Structure formats: structure tokens, C-alpha cells
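Engineer: Build me a model from this:
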Amino acid sequence: MAAPMRMPLEEKKRAISRHSLQIDRRESVSVTGVIDVISFDEESVIGETEMGVVVIRGANLHVNRINLESGELAVSGEIDGVSYENPSGGARAKSLLGRLFK
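Structural biologist: Residues are numbered from 1 along each chain as shown. From the prediction side, this is the model:
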């Protein structure tokens, strides 16, 4: 009997999760399809999703749950905005990270 083929972790994550984003009363955000969390603090949470880099901005932000195996992220606080950067990691994504870490 042949040994089962193992899928690389990154491919597995992409295969099992689908991206969605839900905001509840500007007090919490739930994101699925999360591949990695790049950074977080009380004013922003930056994550890489299957659809590109997502930036959650606000005040008193708290990361309540990070589960990269299932691709889930939950954030609470005062949500001011959510934006996406280009999934290809092109000039827009680089300029965003450059602006954030200046």
C-alpha cells in the first residue's frame, strides 16, 4: 500500500479555507482565509489572506483569536476601517508596509 501524499502546509491552508470578512457593529471583525498575521497593535492589525493583505484600523484593538491552521482571525475594539492591498504583493503592498513602519 502506498504512503498517502502530504500536501505542503501552505497549500493545505489555501485548500481548506475560504476568505470572508464580517464586521459586527464596528466592535468586532471576524476574518477567514487568513494565511499569516504580519503585525498587530492597539491601532492596527495586518494580516495576509488569500485575497491579499488586509489592514484593520481602529482604537483599543485586541486580537481575540488567531488560528492559522483553520485560517481564522478575530479582532475586537473600535473598528474605524478595513482595507485590502494587492494580493500580488506589488507596489501598493510595499508602499503600505513602508508607510506603516516608517
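Engineer: residues contacting V34?
Structural biologist: Counting by C-beta atoms under 8 Å, 6 or more residues apart in numbering, V34 makes contact with 17, 47-49, 66, 68, 71-73. Where C-beta positions appear, they are placed from N, C-alpha and C, glycine not excepted.
Engineer: Which of the residues you listed are buried? Put it as a PyMOL command.
Structural biologist: The buried residues among the contacts of V34 can be selected in PyMOL (16 or more other C-beta atoms under 10 Å) with this line:
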select buried, resi 17+47+48+49+71+73
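Engineer: need the helices for this structure, in chain order.
Structural biologist: 9-16, 91-100 (DSSP state H).
Engineer: what is the rounded mean pLDDT of the last one?
Structural biologist: This predicted structure assigns helix 91-100 an average pLDDT of 55.
Engineer: Next: stretch 50-67.
Structural biologist: Averaging pLDDT along stretch 50-67 gives 95.
Engineer: Pull out the buried residues from it.
Structural biologist: The neighbour-count check on stretch 50-67 (16+ other C-beta under 10 Å) flags 52-58, 61, 63 as buried.
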